[in-house]
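**Student:** With the input below, show me the fold.
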Amino acid sequence: MSDNAPKDHLGSLLRRLQGRIFAVIDGAHFDDLPGRIRDVGLEALPLFTDEIDLPALGRGPHLVACPNLFAVEQVTDVCAGVPAVVWWDWPDQGVKTADNIFAHLRRLNLVEIPANRAEPIIGRRQVGAVDRSAGWETVLFRHGDPNVMSLLIPVLDEAQRGQLFGAALSVAMQPPGGEVTHTTNPSHNAPPGFGRLRLSAAQYDELAGHHGRGLRRRAINELAADMPGRTPEERAARVADAYDRAESFGCMTLDQIWEFIHLDKRWGARFEQAKGHEKVLEALRMADASAEERLWRAEMELGFAK
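**Tutor:** Just a heads-up that it's a prediction; the model follows:
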């Protein structure tokens, strides 16, 4: 493992776990995750296989068994610098251990959330998987995203945590820009719950609030270094201001907010308020247009205003 403190902290934690260690890795961060894992002598099993609206298997979450600490280090090296691993501490159940955790994680592939939310934070939507009469929609769960898991676990009630953890002893991760988290499962001997994990509207609202605050911190951490400004504080303030304005114009997803911040970087601070940019501001305020269309029209008007 590398010498930086957060990874040492995580490595120290993983060495103390009582059960068998498995990594769930988000393949979306890699061109060929299964190949990368094969190159270090391990096997990556895709968790998405027959779900509706399936992405390429290699781009989804994968389960990797780590039979020893060397394997843990190999996985850590493959994923170095990428927030793409959630570590599961699973009790030793003999020859069935790997099959049991694989089956459990497969049961979590589909999660139900309140319908018609601006962005399904915990996973991508399934085409046609909305029960409008009941107000729910089904999403594919992002098992390998430590940011999703670190936001989700605190909003779950006891029964839901039982569904999420199953027989796991604990789960560990390090979300982007955050501290290592380690959550134990006090009910690992309880029988597993039945049915899909479902979040209530109140839980999803709480999750969305945490997500929004985390997304703002992430924008500052990732984008401030490239923003114009004389000091790091000025650059961070510039990103924060652009982030808040993006939200005021109805931008809610990461892609929408990042695009707005890049417009602010390219065209100048508070570009929509500059002289000659009146039509840019009008485009951003279009009441009947989606955020994507408003951003597209604003960028087009910026080109015309050169």
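
**Student:** And residue 97, which helix or strand is it part of?
**Tutor:** helix 97-107 (DSSP states H and E).

**Student:** average model confidence for the very next helix or strand once past that helix?
**Tutor:** Note on helix 97-107: by DSSP H and E, the next helix or strand toward the C-terminus is strand 110-114. When pLDDT is averaged along strand 110-114, the result is 84.

**Student:** Show me which residues of strand 110-114 are buried.
**Tutor:** 110, 111, 112, 113, 114 (16 or more other Cβ atoms under 10 Å). (Glycine included, C-beta is placed from N, CA and C.)

**Student:** Now do the same contact list for the nearest residue in space to the fourth one that is not next to it in sequence.
**Tutor:** When you say that, I think you mean residue 113. Leaving aside its chain neighbours, residue 113 sits nearest to residue 199 (5.2 Å; criterion: Cβ to Cβ, 6 or more residues apart in numbering). For residue 199, the contact set (Cβ atoms under 8 Å, 6 or more residues apart in numbering) comprises 111, 112, 113, 114, 122, 155, 160, 207.

**Student:** now with 10 Å?
**Tutor:** Residue 199 makes contact with 111-114, 121-122, 136, 139, 152, 155-156, 160, 205-207 under the criterion Cβ atoms under 10 Å, 6 or more residues apart in numbering.

**Student:** Which one of these is nearest to residue 252?
**Tutor:** Closest approach between those and residue 252, by Cβ to Cβ: residue 121, at 10.3 Å.

**Student:** pLDDT score for that closest one?
**Tutor:** 54.

**Student:** hey, where'd the strands end up in this structure?
**Tutor:** Assigned by DSSP state E, the chain shows strands spanning 20-26, 44-46, 61-66, 85-90, 110-114, 125-131, 136-140, 170-173, 181-184, 197-198.

**Student:** So for the fourth one, mean pLDDT?
**Tutor:** This predicted structure assigns strand 85-90 an average pLDDT of 96.

**Student:** Now do the buried residues in that strand.
**Tutor:** Under 16+ other Cβ under 10 Å, the buried positions of strand 85-90 are 85, 86, 87, 88, 89, 90.

**Student:** Identify the bridge partners of the second one.
**Tutor:** This points to residue 86. residue 24, residue 173 (DSSP bridges).

**Student:** for it, what are its contacts?
**Tutor:** So residue 86 contacts 22-26, 61, 105, 142-150, 171-175 (Cβ under 10 Å, 6+ apart).

**Student:** State the distance from it to residue 259.
**Tutor:** 28 Å (Cβ to Cβ, to the nearest Å).

**Student:** Over to the last one?
**Tutor:** Between residue 90 and residue 259 the distance, using Cβ to Cβ, works out to 40 Å.

**Student:** go on, the fifth one?
**Tutor:** Using Cβ to Cβ, residue 89 is found at 39 Å from residue 259.

**Student:** just for the stretch 101-250 of the chain, where's the confidence low?
**Tutor:** Within the stretch 101-250 of the chain, the set of residues satisfying pLDDT under 70 comprises 116-134, 176-177, 188-194, 210-214.

**Student:** what's the neighbour count on the residue lying closest to residue 261 once chain neighbours are set aside?
**Tutor:** Counting by Cβ to Cβ, 6+ apart, residue 261 lies nearest to residue 242, which is 4.5 Å off, once chain neighbours are set aside. Number of residues near residue 242 (other Cβ atoms under 10 Å) recorded here: 24.

**Student:** shouldn't residue 242 be in contact with residue 228?
**Tutor:** No. Using Cβ atoms under 10 Å, residue 242 is not in contact with residue 228; the gap is 11.4 Å.

**Student:** what residues are shared contacts of the two?
**Tutor:** When Cβ under 10 Å, 6+ apart defines a contact, the residues bordering residue 242 and residue 228 alike are 264, 265, 269.

**Student:** Could I get the contacting residues of the residue nearest to residue 100 when sequence neighbours are not counted?
**Tutor:** Distances taken as Cβ to Cβ, 6+ apart put residue 93 closest to residue 100, at 5.5 Å, once the chain neighbours are dropped. The contact partners of residue 93, by Cβ under 10 Å, 6+ apart, come to 19, 20, 99, 100, 101, 167.

**Student:** Need the pLDDT of residue 93.
**Tutor:** pLDDT at residue 93 comes out at 92.

**Student:** The nearest residue to residue 198 once chain neighbours are set aside pairs with what?
**Tutor:** Nearest non-adjacent residue to residue 198, counting by Cβ to Cβ, 6+ apart: residue 112, 4.0 Å away. Taking DSSP bridges, one obtains residue 138, residue 198 as the residues bridged to residue 112.
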